[in-house]
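1. Below: sequence and its predicted model.
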Amino acid sequence: MKGDGKTDIVPEKGHLIAGNPAKKLPAIIPINKEKSKMKIKKFEFQSIIFAVPVGVLVFMLLFGTPAIVNAKSSKKGDPFYEKARLIMTKEEKDIYKHLADKETKEEFIEEFWKKRDPTPETEENENMEEFHARIAFANRWFKESSKGRGWDTERGRLLLQLGIPNKREFGQATYTDRAGALTTSKRIPTEIWWYLRYQLTLVFQDSKNMGKYRLTRIPTNLLTSINMAQFSLDLRNKSNITRAFKFNVDYKKDKFLVQIPVKKLSFQEKDEKMRADFNITVYVYRNNRKVDELQLKKSYQWDKDEILNKKKIEFEIPYPVTEKGKYYFDVVIEERASSSKYRDFVKYKS
């Protein structure tokens, strides 16, 4: 792809990433500088993906960039939390930070990975293995000092949250700061990540040529992509995020009200009927302690013509609250046809 001569990234020594790290680290395929004549336009996607609204940009300049870029653990010495916080929802963080003793933390950790286990009938937890593989990969490739931790760099933290990109490439390009200003015409080491699932492109640059790569611009859909990854519960899922199974839940008058958009569902056809089946788990926390767990199944079926006119499935789950306190309801629904999971949190104070 031909560039304009000023904003080209010329691949030098780099690699593409491919494979699923759930079982092993991804393969690294070197790019041969002599054979590769490909040139990639540095900001080809900038007007669509990297353009940050003025209000958001001002906020970033005044209060800092998103937490993933500058985040440091508030619980130093906690090996689980300092890493797992990167894939936790804000509700999970709130619960964990208020746990008072080792026993309740161990219960939380067991529950944390249980929710993310795609095959609970086996001893293996593929998502936990995936997460540990991401840590190992980041520590191997993203260290910025001899004693540094690769997972706790900008590239490392994003890798833990979003996973291995569909494509990762090195090159040289002119440098722009996070405000988008061109600070030097000198070409510096540049790395680009492409995520097809999130329709996201990340550009990192080493402005001082010291092996410390920083995200040059904050894509407008970065935080949305991170939040979607946190709520999906499956770290291995590589499908398009815009087509992922989702739902909304609310709690009113001693019952949960669940709405599932039909367009996101996968149906099973039988006897000219369209059927949808769900496994539902509700984790109940009161004052940051787990106090209950509900498990139930729901099944619905319609004629083919009927389902075409249906926009959402709605149902209720009775659950009266009998004790006063601050509640978190963590509702996890699995669509059995596709085995995809999604979750939604509800806060309630009685």
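-> Yes, it's here. Small disclaimer: the values here were computed from a predicted structure and weren't measured.
2. now the strands for the stretch 251-350 of the chain?
-> 255-261, 268-270, 273-286, 289-303, 312-318, 326-335, 340-349 (DSSP state E, counting those that start in this stretch).
3. and the ones you listed, which is most packed in?
-> By mean neighbour count, with neighbours taken as mean count of other C-beta atoms under 10 Å, strand 326-335 ranks first of those at a mean of 20. (Glycine included, C-beta is placed from N, CA and C.)
4. where does the stretch 201-350 of the chain dip in pLDDT?
-> The stretch 201-350 of the chain contains residues with pLDDT under 70 at 237-244.
5. Go again with 80.
-> 237-245, 264 (pLDDT under 80).
6. Mind checking the strands of the stretch 251-350 of the chain for the one nearest to R116?
-> Ranking the strands of the stretch 251-350 of the chain by proximity to R116 (C-beta to C-beta) places strand 340-349 first, at 8.5 Å.
7. Pairing partners for that closest one, with directions?
-> Looking at strand 340-349 with DSSP bridges, its partner strands are strand 326-335 (antiparallel).
8. ok, back up a step: what would the strands of the stretch 251-350 of the chain look like in CSV with distance to Y175?
-> Below are these laid out as CSV (distance: least, C-beta to C-beta, whole Å):
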stretch, distance to Y175
strand 255-261, 43
strand 268-270, 53
strand 273-286, 46
strand 289-303, 49
strand 312-318, 48
strand 326-335, 43
strand 340-349, 40
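9. Which parts of the stretch 151-300 of the chain are helices?
-> Applying DSSP state H, counting those that start in this stretch to the stretch 151-300 of the chain gives helices spanning 154-162, 222-232.
10. out of these, deepest packed?
-> Using mean count of other C-beta under 10 Å, helix 154-162 ranks as the most buried of the helices of the stretch 151-300 of the chain, with a mean of 23.
11. tilt between it and helix 222-232?
-> Angle of helix 154-162 versus helix 222-232, following axes from the mean of the first three to the mean of the last three C-alpha atoms, to 10 degrees, is 40 degrees.
12. Phi and psi next, for the residue with the largest distance to the centre of the chain.
-> Going by C-alpha atoms, centre = their mean, the residue of the chain most distant from its centre is D271, 38.5 Å out. Main-chain dihedrals, D271, degrees, to the nearest 10: phi 50, psi 40.
13. Please report how far it lies from E306.
-> 14 Å (C-beta to C-beta, to the nearest Å).
14. now do M228
-> Counting by C-beta to C-beta, the gap from M228 to E306 is 31 Å.
15. Now for the nearest residue to F80 once chain neighbours are set aside, how many residues are close by?
-> Leaving aside its chain neighbours, F80 sits nearest to I109 (5.6 Å; criterion: C-beta to C-beta, 6 or more residues apart in numbering). I109: 15 surrounding residues under other C-beta atoms under 10 Å.
16. Okay, buried residues for the strand or helix carrying I109 please.
-> Using DSSP states H and E, I109 falls within helix 102-115. For helix 102-115, burial by neighbour count (16 or more other C-beta atoms under 10 Å) applies to T104, F108, E111, F112, K115.
17. got it, and stretch 86-102?
-> Applying 16+ other C-beta under 10 Å to stretch 86-102 flags L86, I87, M88, T89, E91, E92, D94, I95, Y96, L99 as buried.
18. got the contact list for the residue lying closest to F329 once chain neighbours are set aside?
-> Of all residues beyond its chain neighbours, the one nearest F329 is V346 (4.3 Å), with distances taken as C-beta to C-beta, 6+ apart. Listed by C-beta atoms under 8 Å, 6 or more residues apart in numbering, the contact partners of V346 are V249, D250, Y251, F256, Y327, Y328, F329, V331.
19. so how far is R275 from the closest residue to the fourth one other than its chain neighbours?
-> On the basis of C-beta to C-beta, 6+ apart, the spatially nearest residue to F256 that is not a chain neighbour turns out to be I317, at 4.1 Å. Summarising the geometry, the distance separating I317 from R275, computed by C-beta to C-beta, is 20 Å.
20. Over to H132?
-> Distance, H132 to R275, by C-beta to C-beta: 37 Å.
21. Kindly report the same for N288.
-> Distance from N288 to R275, counting by C-beta to C-beta: 39 Å.
22. likewise M128?
-> In terms of C-beta to C-beta, M128 sits 32 Å off from R275.
23. which residues of the stretch 101-250 of the chain fall in strands?
-> 167-176, 182-195, 200-205, 214-215, 248-252.
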